[in-house]
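*Asks:* dropping the sequence and predicted coords here.
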Protein chains: 8
Amino acid sequence: MNLPPLRDILEQVSSGTLPAGEAEQRLLDYLRELPYEDIGFARIDHHRALRQGFPEVILGTGKTPAHIAAIAARIVARGHSLLVTRTDETAYAAVLAEVPAGVFHPVARAITLQQQDIAPGKGTVLVVAAGTADLPVAEEAVVTAELMGNQTERLFDVGVAGLHRLLSAHDRLTAARVIIVAAGMEGALPSVIGGLVRVPIIAVPTSIGYGASFGGIAALLGMLNSCAGGVSVVNIDNGFGAATIASLINHL
Amino acid sequence: MNLPPLRDILEQVSSGTLPAGEAEQRLLDYLRELPYEDIGFARIDHHRALRQGFPEVILGTGKTPAHIAAIAARIVARGHSLLVTRTDETAYAAVLAEVPAGVFHPVARAITLQQQDIAPGKGTVLVVAAGTADLPVAEEAVVTAELMGNQTERLFDVGVAGLHRLLSAHDRLTAARVIIVAAGMEGALPSVIGGLVRVPIIAVPTSIGYGASFGGIAALLGMLNSCAGGVSVVNIDNGFGAATIASLINHL
Amino acid sequence: MNLPPLRDILEQVSSGTLPAGEAEQRLLDYLRELPYEDIGFARIDHHRALRQGFPEVILGTGKTPAHIAAIAARIVARGHSLLVTRTDETAYAAVLAEVPAGVFHPVARAITLQQQDIAPGKGTVLVVAAGTADLPVAEEAVVTAELMGNQTERLFDVGVAGLHRLLSAHDRLTAARVIIVAAGMEGALPSVIGGLVRVPIIAVPTSIGYGASFGGIAALLGMLNSCAGGVSVVNIDNGFGAATIASLINHL
Amino acid sequence: MNLPPLRDILEQVSSGTLPAGEAEQRLLDYLRELPYEDIGFARIDHHRALRQGFPEVILGTGKTPAHIAAIAARIVARGHSLLVTRTDETAYAAVLAEVPAGVFHPVARAITLQQQDIAPGKGTVLVVAAGTADLPVAEEAVVTAELMGNQTERLFDVGVAGLHRLLSAHDRLTAARVIIVAAGMEGALPSVIGGLVRVPIIAVPTSIGYGASFGGIAALLGMLNSCAGGVSVVNIDNGFGAATIASLINHL
Amino acid sequence: MNLPPLRDILEQVSSGTLPAGEAEQRLLDYLRELPYEDIGFARIDHHRALRQGFPEVILGTGKTPAHIAAIAARIVARGHSLLVTRTDETAYAAVLAEVPAGVFHPVARAITLQQQDIAPGKGTVLVVAAGTADLPVAEEAVVTAELMGNQTERLFDVGVAGLHRLLSAHDRLTAARVIIVAAGMEGALPSVIGGLVRVPIIAVPTSIGYGASFGGIAALLGMLNSCAGGVSVVNIDNGFGAATIASLINHL
Amino acid sequence: MNLPPLRDILEQVSSGTLPAGEAEQRLLDYLRELPYEDIGFARIDHHRALRQGFPEVILGTGKTPAHIAAIAARIVARGHSLLVTRTDETAYAAVLAEVPAGVFHPVARAITLQQQDIAPGKGTVLVVAAGTADLPVAEEAVVTAELMGNQTERLFDVGVAGLHRLLSAHDRLTAARVIIVAAGMEGALPSVIGGLVRVPIIAVPTSIGYGASFGGIAALLGMLNSCAGGVSVVNIDNGFGAATIASLINHL
Amino acid sequence: MNLPPLRDILEQVSSGTLPAGEAEQRLLDYLRELPYEDIGFARIDHHRALRQGFPEVILGTGKTPAHIAAIAARIVARGHSLLVTRTDETAYAAVLAEVPAGVFHPVARAITLQQQDIAPGKGTVLVVAAGTADLPVAEEAVVTAELMGNQTERLFDVGVAGLHRLLSAHDRLTAARVIIVAAGMEGALPSVIGGLVRVPIIAVPTSIGYGASFGGIAALLGMLNSCAGGVSVVNIDNGFGAATIASLINHL
Amino acid sequence: MNLPPLRDILEQVSSGTLPAGEAEQRLLDYLRELPYEDIGFARIDHHRALRQGFPEVILGTGKTPAHIAAIAARIVARGHSLLVTRTDETAYAAVLAEVPAGVFHPVARAITLQQQDIAPGKGTVLVVAAGTADLPVAEEAVVTAELMGNQTERLFDVGVAGLHRLLSAHDRLTAARVIIVAAGMEGALPSVIGGLVRVPIIAVPTSIGYGASFGGIAALLGMLNSCAGGVSVVNIDNGFGAATIASLINHL
């Protein structure tokens, strides 16, 4: 990440050790050689770690194990932490050959390697799941949030049809700094929690349900139309995205 | 409503006062002359009062005031109670000329005349509305249910974002024999109530909301995907339909 | 289900055997320790049997056989009846190891164990199916309704394209206390039945059909827009939900 | 409509009165000068009367009264019958100035002038409407079918919720040569009629209904998924299209 | 099909050999015992052959081979022709055991047995397919139409992107009595043919295409919105339905 | 807001000044009498100010000016700040009669009265709008955020088609603590900003656009599928909701 | 548009007339001061004329006449040509006060002022409209294309239902360098034209139609699924966008 | 491709060697025998190579390997280049038996044989892909464009979340004559590129993404609503279509 400092170049021009024409070329190169790595089939955005506090994350869907392993190797080689989402045992085997210390999280379907010195978040990220079928999405959020330096807690199987299960955890709800709520079917849980607390809620609709749940659309619409304040929404099943936002908030 | 009794015809044939050929014709006619009234632009189903316990109801939408008044006059003339839904002051003026005792309910947008001897329902129909904007739909349900012989109660503005408002009415919820729940936006209220009581709930999605509520679709999907048992659903804004079902249940 | 009775605590405080500070703590605990069982990956809502007349039901979709068997074992251990829906032979094998008396219903795709002393319903729940392809949904409704203490009858393959098949069963239609109607394709059957009877009808759209049936949406919309009164609707293929509502009505 | 006959040209070439080069040009022109009239903002397809048995019809929607009147004048000038659909009193006034004998049909929202010698259809086109709100669509079908030379009959307000109204007209249903059925809401009427007769049925979904009827989509889907044979479908509210097809069938 | 004739009963009553009370009961039974056969899991509508000119057809989708074979055996035993649609080799093997003369059509995915004395249609049913991928749907239409007594012709692979292929078959298009057009993708072919002929066109959208064709929705909408007269539409991939309508028209 | 303190009651029981039975009743009442105000057509949730840091907000849509004014009067009487959204001049006139100090914001379509002592947020809420047509939504966010105690900045008309306008404001983007981005059409702006900063972004799709923008759906989907981390989404045109979330985050 | 040239600055540094520190600041300013004009409620992208060959265009929808006039004045003041789309007489009056030479095109709903020295396109842009109701969209394309320096031709009312009207214009179709095709309803025209020519076709779905045309969706899907090569698509009713693309192609 | 020249026939008639009657027949035949080859299950449009500059292309989806190989053999036998899209190894094996020189492109899923003398395009077609998962679509575009005689360049993995990767390729973007942009998820890349260049952009939405990306609909809508000029759109995943259009433009 050793970019030629702008001041240095200008000083050299000023002192006459660098001709103006050559300096112009170097400045243009400097503007052009931005910090990503071109490995043929991909351009890895290593600069993201500087710009956004966390390196580029590999979405496993639609990539071959070989591609995943190759990108993972480059990220780890830079000293960055590794996160592969939506992946499986086969890709894990390929990654292990390049990154022997990689860890596989089967429920979350993620591969991680904690490597970076990441600043700790200020409070707790509470990850709530309405039902047991929402666990893969909730666990993806937990794994992501922890890798990004956050302390997490889990509160699972507290759907609104048995309200007492949720109300009995009132203390934990109010103690969190930011809450991620994963729910499928009618997606009502964020609305109920939103009425109980005063922290931001990241709602994740899940594709759990059948018939007119339409793979998560019912939950998505329910959450977007929440009558409670403080609820924002991410894509269906996007536990990773929810955790990324929660981590940004928790590091403010 | 004077239909030739089947037994009478057969007795006459048996006694020889009616030839078989003529009897055959009368029986066929009998099967054909079912009890509706053809008034040119409409066929009024007077038989419905016998068949289903309540006469035909006039949906005001898409009918001219003159048509509404004409149909209303025929229904009242038969001694049936009158219900016009989705109507307005203009149609009411036209109806008044034919049915001077008719009553207009502005919030419910309905015209009624209680005329029939209707059997009283067995318990209370509780009509719940999530917000004040759901009142027209909820009031349509109240007016309909009362005209059909049911005792009703109202519980309005108890949306899930302020759960204590609902929980404080727990007694009234459990005391009802059937509950109608009108809600727009994310439509989560029936799910929460469904987890608290053991009576049937008729959920009515309302078209209240904006953006991705899509005129009630978000609430409709939320209710269809309710994780609580005991919740069935009617069309968007269909307070009349909900009350009809509630009345059938309350008269069992 | 041994909760500390509120009166007992207060009596002890009054008699001086319990200090106020300690009593406060116990009351708060009492409010917090609501009757569900936390088994790690799930919180089983045993209280539901008290609150709603039937214990928590296990939706098999998205759960591993091991999870299903573990939850089933806890429900049965409490003396509750068992119902697993949307399940298969593999899960049944796992359940049998924990619940040897469990029964598998292959067409309904359900596992049951009748254990509880359930109050009988007052009349008959008639389950109607439009075509033979709607049988899995209809049978799920039959199995559920019977487990919940209802007498059921089946009326299958009476689609509206051959109206005489339905009309010949007119007696059975009018004899039922509540009718469940499962239909795919255009979903017109509940409208026709709704015009013939005066009992509540729970319409279940099924995902049977092709092309523009869109996995049950055509039937769902047809039922929501029914021109007949008395028809309420549940989610696509939701035979279980329909039976739950029918049972609530039949027990009123 | 005086096109140069192909044979004539070739005879002239053969007899030497027409040089080959000139004949080539005339043949190409003949292929190019097809019989439509270019009036600047429109190309009137007068050839359609020959090709399809009825002249071009003017869809009033989106056209100014002046445009409608101008096109109408040209069609009438050719001796063709005139049909303007989806129009109103204002356009009628403009048309009258050009076509003094034009007739306005307010319910059908159509302007007609019967001018052509049209072959009579072979049987009766029966136009059925489920409810009184479907009349504009049904009347558009009646007006169109009659202008195209068909004898029509009306059977209105026979929705499936009062089946006896329909069954009592069984004779008229079986006597028709082709049946047009206009219905909104759940659109079940064509399915029921389709099971009773053996003639082709043209189903017209109407935009009547509310909530989840989605402006006729529910009826459209219901009709496309009809479990009865013999039902084909046209666009929502397309009474004109239904009558065009019925007329083609009735003239076979 | 031996139903007690109405006249016989009445004659017996008239002659005193049948008491009125007993006659009443028999008449009611007569009304009830309509001609279908209840075989437990299905009610076969044998009456359909009388009512609609063709016996009940078996939709293979969602039925087991055993069920298909059992229903097929009953239909054949009544002397009716057999048609099973949406079926495969496995079901064919099961059917062969019951109906040894059954024929399998692999492209059309249908099983047939021509048995009935069916009246021949009056003209030719032309089946047009836009591309080779539409053949299964087109062949289903051909097989169905022929079994129903129609002479058919095929015109395949004449999509609008190479218009000359279609225009060169102009004679065959105008010679047909009714035209079935199967097309996927944008579904424009019926519009173009509709502008060339004056016979009814039954358009069948197929699920061929990708991306924004949405499994046939693009073609379905294209056909419903056809700017050409004479085009009516059936469900996506419904070659059977199109042929049923075409046969009704061709037998008029 | 004077609730009977739990400890007080228990002390009285302990000291014998309050009998156990009476204490039981008061405790139950205490649980029941939650702090909302029932004014007939509405239940105002005054407790929300304690629970969530800001009092109940009045959504103007679907309420009469009289209702809005009545609710506003009660909120102001409790000493809370007032916010009415989606309102107009007419409602403002009615509110002024009750709340003379109320302020109307015409672009934001909001009525406000700053009354409460609200804790100031910690940083700046930057409100970005893609185009000038997104201003009403953006201004609703600004007005809401300021009333909730936040310092705001505006950055308007920086759509992605002229990227230099956005990039020139890079300093302001990175200086904000939380960013609200309102955009219609393809809704790409949050993705681009999300790649530049490391603070949470609340994306608000607006209904600006035409054709296939479908009233904001295109923008909504674009934002939900953002390839950038840190972007969560609220309902279409929901500037108020975005500001509520931003304020929660800014007060952490 | 006088930006400080990079080389100049560096030469001055090299010659010692500009200190390095000051040069650094000027270079940063240079990067920051990109050429747009901030007028408070908008940031006018004057640079677009350099970057893309045509200045920023004002979309009238959702802007007040005053805003439109203000932005128009600034664009004209820079010497750029003016184009306001989706506008009306009222906005035109406001613009005239600022831009007296502005011209209003009522059918195209556009205001223009040709001011710039625009390079002429190389061939002809042919604008085809399927029906007369598509004229506003087609004229918007014509006005836009001409303002951008292209020679245009119109070919209107050549829908596929009367194919001879189109085929007779075969010469004009093949003579164009790029073709814009506006069509509503089923949108089949681009497919047919696409099969006849070998130039790029820009298809514009229009919102003309009713019922299942869904405001242009049917045409949009038809065009996206075109079986002809060479057809790309823009948004519904987007005549402006089509002309912009056509102009880019015609200037290559 | 030896068609009887029109002039020859006419010359023979003129010279008397061909009677007029026979000439008429031959001319009609000439009009009918248009240049396609009927091979039973398909009509190969060999004329397309003349009409549109490239022969008919085989869409592999829904065709058997045998059909693909047979059509491929006929195309190659005519001396045309071969392109099979959406195909696989199995079909390739079948094609090899008929076309030994055929080449398989595994990422692009295409079979090609360059055979024709194709005119070279005038500039470079730049194919841009937002992410590595968009490669199959992008490669289909590259293979197609090259076979059609265009020089191509690839620019992959330059999504908008890391804008510097795109901006660093600014030279390559501005150097292209036409740009194809394949992107999934929110599909924002064409909008950003559209703001940077002044050449036509063909946007290809890909089905990459999950949840509310709906198989490419989110990207499709994003591109159709692009706020940048110069962007037209093809069907989801239609790399072939994009390249066909790009080639037409590049050959102008």
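*Replies:* The structure has been received and is ready for your questions. Numbering: from 1, shown residues only, chains lettered A, B, ... in the order given.
*Asks:* hey, where'd the helices end up in the stretch 1-150 of chain A?
*Replies:* Using DSSP state H, counting those that start in this stretch, the helices assigned to the stretch 1-150 of chain A run over residues A:6-14, A:20-32, A:48-52, A:65-77, A:89-98, A:135-147.
*Asks:* which one of these lies nearest to B:Gln114?
*Replies:* Ranking those by distance to B:Gln114, with C-beta to C-beta as the measure, places helix A:135-147 first at 53.7 Å. (Glycine included, C-beta is placed from N, CA and C.)
*Asks:* would you agree A:Glu186 is in contact with B:Gly187?
*Replies:* Yes: applying C-beta atoms under 8 Å, one finds A:Glu186 in contact with B:Gly187, separated by 7.1 Å.
*Asks:* between those two, who's got more neighbours?
*Replies:* B:Gly187 (40 against 36; other C-beta atoms under 10 Å in any protein chain shown).
*Asks:* pretty sure the more buried one is touching B:Val204, no?
*Replies:* No: using C-beta under 8 Å as the test, B:Gly187 is too far from B:Val204 to be in contact (9.3 Å).
*Asks:* mind putting the helices of the stretch 1-150 of chain A in JSON lines, mean pLDDT, mean neighbour count and distance to H:Thr61 included?
*Replies:* Output for the helices of the stretch 1-150 of chain A, formatted as JSON lines (pLDDT from 0 to 100; neighbours: other C-beta atoms under 10 Å in any protein chain shown; distance: least, C-beta to C-beta, whole Å):
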{"stretch": "helix A:6-14", "mean pLDDT": "72", "mean neighbour count": "18", "distance to H:Thr61": "54"}
{"stretch": "helix A:20-32", "mean pLDDT": "64", "mean neighbour count": "14", "distance to H:Thr61": "42"}
{"stretch": "helix A:48-52", "mean pLDDT": "67", "mean neighbour count": "19", "distance to H:Thr61": "38"}
{"stretch": "helix A:65-77", "mean pLDDT": "92", "mean neighbour count": "19", "distance to H:Thr61": "25"}
{"stretch": "helix A:89-98", "mean pLDDT": "96", "mean neighbour count": "17", "distance to H:Thr61": "27"}
{"stretch": "helix A:135-147", "mean pLDDT": "96", "mean neighbour count": "26", "distance to H:Thr61": "32"}
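*Asks:* so which of the ones you listed gets nearest H:Arg177?
*Replies:* That would be helix A:20-32 among the helices of the stretch 1-150 of chain A, by C-beta to C-beta, at 22.4 Å.
*Asks:* what is the neighbour count of the residue in the stretch 101-250 of chain A that chain F sits nearest to?
*Replies:* Closest approach of the stretch 101-250 of chain A to chain F (C-beta to the nearest C-beta) occurs at A:Ser232, with a separation of 3.7 Å. Neighbour count for A:Ser232, taken as other C-beta under 10 Å: 32.
*Asks:* distance-wise, check it relative to H:Ile111.
*Replies:* Per C-beta to C-beta, to the nearest Å, A:Ser232 is found 48 Å from H:Ile111.
*Asks:* for chain H, what's the nearest residue on chain A?
*Replies:* Of all residues in chain A, A:Ile236 sits closest to chain H, at 2.9 Å by C-beta to the nearest C-beta.
*Asks:* what's the burial count for that residue?
*Replies:* 24.
*Asks:* which residues touch it?
*Replies:* Neighbour list for A:Ile236: A:204-207, A:215-217, A:219-220, F:224, H:210-212 [criterion: C-beta atoms under 8 Å, 6 or more residues apart in numbering or on different chains].
*Asks:* can you list those in TSV and add pLDDT and neighbour count?
*Replies:* Below are the contacts of A:Ile236 laid out as TSV (pLDDT from 0 to 100; neighbours: other C-beta atoms under 10 Å in any protein chain shown):
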residue	pLDDT	neighbour count
A:Val204	97	36
A:Pro205	96	35
A:Thr206	95	30
A:Ser207	93	21
A:Gly215	90	20
A:Gly216	92	25
A:Ile217	93	22
A:Ala219	94	35
A:Leu220	95	31
F:Leu224	94	29
H:Tyr210	85	21
H:Gly211	88	23
H:Ala212	87	26
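*Asks:* and the residues you listed, which of them are in strands?
*Replies:* Counted as lying in strands by DSSP state E, out of the contacts of A:Ile236, are A:Val204, A:Pro205.
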